[in-house]
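K.L.:
From the sequence below, what's the structure:
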Amino acid sequence: QVQLQESGPGLVEPSQTLSLACTVSGGSITTNYYWWSWIRQPPGKGLEWMGAINYSGTTYYSPSLKSRTSISRDPAKNQFTLQLNSVTPEDTAKYYCARYGLTYMYDYWGQGTQVTVSS
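P.N.:
Okay, the predicted model is just below:
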């Protein structure tokens, strides 16, 4: 059973960098063909895909967030991370990590972590 767990600070000040990690257990992030994604949901809004990194380290980002987003991975820790620069209160959201699998759907999700951007 694959499990994903987000971790990181729950409060970030405006203009700072939001950094989150997703630790994966029960499966390797280097296993062929899987994509590991970051998805967020602002209060009262729908899910927003932010970006993803695949089994070989290739990344793709949402065009609207690309200039501020970086996703990386640490295979030794079986972990992938999100950095979002220059945050504003509009980046307040629940942030999820998820795996996009061979069934062409998100098959495993973390429980999500709430991040508030405020001074």
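K.L.:
got the contact list for the residue nearest to the spatial centre of the chain?
P.N.:
Central residue of the chain (Cα atoms, centre = their mean): residue 38, 2.6 Å from the mean position. Each residue near residue 38 by Cβ atoms under 8 Å, 6 or more residues apart in numbering is listed here: 20, 22, 49-52, 71, 82, 95-98. For every residue, glycine as well, the C-beta is placed using N, CA and C.
K.L.:
which one of the residues you listed sits closest to residue 42?
P.N.:
residue 95 (10.2 Å; Cβ to Cβ).
K.L.:
For PyMOL, write the select line for the buried members of the contacts of residue 38.
P.N.:
To isolate the buried members of those in PyMOL, using 16 or more other Cβ atoms under 10 Å:
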select buried, resi 20+22+49+50+51+52+71+82+95+96+97+98
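K.L.:
ok, and what's touching stretch 105-115?
P.N.:
Contacts for stretch 105-115 (Cβ under 8 Å, 6+ apart): 2-12, 18, 20, 22, 37, 39, 41, 91-101.
K.L.:
gap between that stretch and the chain center?
P.N.:
8 Å (Cα atoms, centre = their mean, to the nearest Å).
K.L.:
hang on, the earlier thing: can you pull the buried residues of the helix or strand hosting the residue nearest to the centre of the chain?
P.N.:
According to DSSP states H and E, residue 38 maps onto strand 35-41. Neighbour counts over strand 35-41 (16+ other Cβ under 10 Å) mark 35-40 as buried.
K.L.:
following it, which helix or strand comes up?
P.N.:
Past strand 35-41, the next helix or strand by DSSP H and E is strand 48-54.
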